[in-house]
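# Provide a 3D model corresponding to the input given below.
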Amino acid sequence: MLVEAAHAKLNLSLAVTGRRADGFHELVSLVASISLADHLALHLGQPLGLSCDDPSLLVDGTNLVLKAAEVYLRRRPGATVGRFHLTKKIPQGAGLGGGSSDAAAALRLLDRASAEPLGLSELECLAAEVGSDCPYFVRSQAAIMRGRGERLEMLPAPARAALVGRRAILIKPPFGIPTPEAYGLLARQGAYQEAAAAEAKLAGWLARPAGDPSQLGNDLEAPVFAKHVALPVALRHAGLSFRMTGSGSACFAFVSEGFEPAGLRSALVAAWGPGLWLADVVISG
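Residues are numbered from 1 along each chain as shown. Prediction:
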């Protein structure tokens, strides 16, 4: 049996600069992985399949783990396969990239099982066939994502060092937000950011990476908050500067080492009910 951790990510910033002819959107996004992770096991010598400890997760051909396996097998017919088992920790519909990270973990597992591994660079190319942000999760190292998410620029060492170890509180209401919905809301507004402006703001942070990168903003946040008012109404009373990650509905705020989340949890349970999800994480890469 082989096992890989599939880490969640935070979009520390997300600028949407326009819509492409293929229907995807052009992005400039600062992304980092966090300590929260699913775990994917590959049981070798068994027929290709997938099981999961979360009964609500679909384990049919629409699951990105099996899609990743199909993509790998097209590139390497006859590759060693097996049965995947997924242990879920990352909530669905949160904007944390759980499904994409699971798919990237599947590619890494199949490559580890191969007598002639393709290597990470080739896996990134395969991951782009699975989903827009899948290439990032092959290495799960802090990066700038461009294009529809498939063009990656690893952060310089000083910027990465400034991020790793930062503590954040993650929260999610009892509902998720489908990615197409969030981008559709922005598209109807046509409120795209100029690419040059987005790059300039990001360059400013890279020059002084000790600052809070979440202040660069998330262009999906305003249209999502305008529709799902339970998010901003509750967060106004949370006492922290929360920003949405990805297409939501999860939000994050950086906190100090001495921060105690009990009061925050109580306030959000009062607003959202017992379906609140909260996690205490650090940036891991």
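
# ok but Pro17 is inside a helix, no?
Quick fix: residue 17 reads Thr, not Pro. No. Counting by DSSP: H, G, I helix; E, B strand; the rest coil, one finds Thr17 to be strand, located in no helix.

# what about it, how many neighbours?
When neighbours are defined as other CB atoms under 10 Å, Thr17 has 18 of them. C-beta here means a position set from N, CA and C on the backbone, and glycine is covered the same way.

# so where do the helices sit in the chain?
64-75, 98-112, 120-130, 134-139, 157-163, 179-189, 195-207, 221-227, 230-235, 262-272 (DSSP state H).

# just give me the lowest mean pLDDT stretch among these.
Comparing mean pLDDT across the helices of the chain, the weakest is helix 230-235, with a mean of 89.

# show me what that one is in contact with.
Residues outside helix 230-235 that contact it (CB atoms under 8 Å, 6 or more residues apart in numbering): 173, 175, 224-225, 242, 244, 248-249, 251, 267-268, 271-272.

# now the helices of the chain in TSV, with distance to Ala21 and mean neighbour count?
TSV is the format used below for the helices of the chain (distance: least, CB to CB, whole Å; neighbours: other CB atoms under 10 Å):
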stretch	distance to Ala21	mean neighbour count
helix 64-75	23	20
helix 98-112	23	26
helix 120-130	17	19
helix 134-139	21	26
helix 157-163	32	15
helix 179-189	14	16
helix 195-207	16	14
helix 221-227	22	17
helix 230-235	32	18
helix 262-272	39	15
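
# put together a markdown table for those helices, with distance to Leu40 on each row.
Formatted as a markdown table, the helices of the chain follow (distance: least, CB to CB, whole Å):
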| stretch | distance to Leu40 |
| --- | --- |
| helix 64-75 | 7 |
| helix 98-112 | 4 |
| helix 120-130 | 14 |
| helix 134-139 | 11 |
| helix 157-163 | 25 |
| helix 179-189 | 21 |
| helix 195-207 | 32 |
| helix 221-227 | 29 |
| helix 230-235 | 30 |
| helix 262-272 | 29 |
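
# of these, which is nearest Ile169?
The closest of the helices of the chain to Ile169 is helix 262-272. By CB to CB, the value is 6.8 Å.

# where's that closest one relative to the chain centroid, distance-wise?
24 Å (CA atoms, centre = their mean, to the nearest Å).

# packing partners of that helix?
strand 167-172, helix 230-235, strand 277-282 (3 or more CB pairs under 8 Å, 6 or more residues apart in numbering; DSSP states H and E).

# look at Gly23 and report its pLDDT.
pLDDT, read off for Gly23, is 82.

# quick revisit: can you redo the helices and strands packed on helix 262-272 as TSV with distance to Glu194?
Formatted as TSV, these follow (distance: least, CB to CB, whole Å):
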stretch	distance to Glu194
strand 167-172	29
helix 230-235	25
strand 277-282	32
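
# who wins for proximity to Ala94 among the ones you listed?
Closest among the helices and strands packed on helix 262-272, using CB to CB: strand 167-172, at 5.1 Å.

# what's the farthest-apart pair in the contacts of helix 230-235?
So, the contacts of helix 230-235 by CB to CB: farthest apart are Val224 and Ala267, at 20.8 Å.
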